[in-house]
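**Student:** requesting a structural model of the entry that follows:
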Amino acid sequence: MRLLPALLMALVAALSTVACSEEKHDTISLSADPETFPTMRTTNVSTTISDSGYTRYHITAPLWLMYEEASEPHWNFPDGMFIVKFDNDMKEDGTFTADTATFFSNKKLWRFDRNVRIRNINGDRFLTNQLFWNQNTRKIYSDSFIHIERSDRTIEGYGFESNENMTTYKVHRPTASLPTEGFGATSNKIISN
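**Tutor:** Numbers count the residues shown, from 1 in each chain. Purely as a prediction, here's the structure:
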């Protein structure tokens, strides 16, 4: 009888060893389309970007979707984004907003769509429906209609190119350049294509 508990313990140990040595693998197959199924989803984004020890940008967005497995990897901000730019003293020196934004990560190219509004360090205000920012060339451009409000005049036209700070820019096909004040016949300058 004394051997029975020992035998039972040995049997349990042997069965446990056999049961543990058999590995069981279950594979779950997901058939998610990488073009439409994001690899990351983040809500209520609020982040800062620093450069050389200075905070340069504060970005907020309701939704950020990353499609890194898509044929053309990209990030999507379908509910828009808002950016505040800061100088070295953390003073606001520009703002940017768009209804939607897409970043093509391999190309380092941003596309902003619908209700794109920018205010630069000089207080100039820009409004367009589509704008691109190429981080490789450090240029901002658009083929869409652009409306620019400066302290001295309002400029409108089609096609636009600028540096990243939106301080040196050119309207390719201007349609109007109107002074802010004094809408007299001699002070108006209208340019047609």
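
**Student:** which residues in this structure form strands?
**Tutor:** 40-51, 54-67, 74-77, 81-86, 92-98, 100-104, 109-119, 125-134, 139-149, 153-163, 169-179 (DSSP state E).

**Student:** how about these in TSV, adding mean pLDDT, distance to residue 33 and mean neighbour count?
**Tutor:** For every residue, glycine as well, the C-beta is placed using N, CA and C. Output for the strands of the chain, formatted as TSV (pLDDT from 0 to 100; distance: least, Cβ to Cβ, whole Å; neighbours: other Cβ atoms under 10 Å):
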stretch	mean pLDDT	distance to residue 33	mean neighbour count
strand 40-51	92	15	11
strand 54-67	94	10	17
strand 74-77	96	14	18
strand 81-86	94	25	18
strand 92-98	94	26	18
strand 100-104	96	18	19
strand 109-119	96	22	18
strand 125-134	96	26	18
strand 139-149	96	30	18
strand 153-163	95	35	17
strand 169-179	91	39	16
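
**Student:** JSON lines for the ones you listed, including distance to residue 34?
**Tutor:** Shown next, in JSON lines, are the strands of the chain (distance: least, Cβ to Cβ, whole Å):
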{"stretch": "strand 40-51", "distance to residue 34": "12"}
{"stretch": "strand 54-67", "distance to residue 34": "7"}
{"stretch": "strand 74-77", "distance to residue 34": "11"}
{"stretch": "strand 81-86", "distance to residue 34": "23"}
{"stretch": "strand 92-98", "distance to residue 34": "25"}
{"stretch": "strand 100-104", "distance to residue 34": "15"}
{"stretch": "strand 109-119", "distance to residue 34": "20"}
{"stretch": "strand 125-134", "distance to residue 34": "24"}
{"stretch": "strand 139-149", "distance to residue 34": "29"}
{"stretch": "strand 153-163", "distance to residue 34": "34"}
{"stretch": "strand 169-179", "distance to residue 34": "37"}
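
**Student:** between these, which gets nearest to residue 32?
**Tutor:** With Cβ to Cβ, the closest approach to residue 32 among those belongs to strand 54-67: 11.0 Å.

**Student:** neighbouring strands for that closest one, and are they parallel or not?
**Tutor:** Applying DSSP bridges to the sheet, strand 54-67 is found paired with strand 40-51 (antiparallel), strand 74-77 (antiparallel), strand 81-86 (antiparallel).

**Student:** what does the first one rub up against?
**Tutor:** Among residues not part of strand 40-51, those counted as contacts by Cβ atoms under 8 Å, 6 or more residues apart in numbering are 55-66, 68, 81.

**Student:** 7 Å instead?
**Tutor:** Under the criterion Cβ atoms under 7 Å, 6 or more residues apart in numbering, residues 55-66 lie in contact with strand 40-51.

**Student:** what is the distance between it and the centre of its chain?
**Tutor:** On the basis of Cα atoms, centre = their mean, to the nearest Å, strand 40-51 sits 10 Å off its chain's mean C-alpha point.
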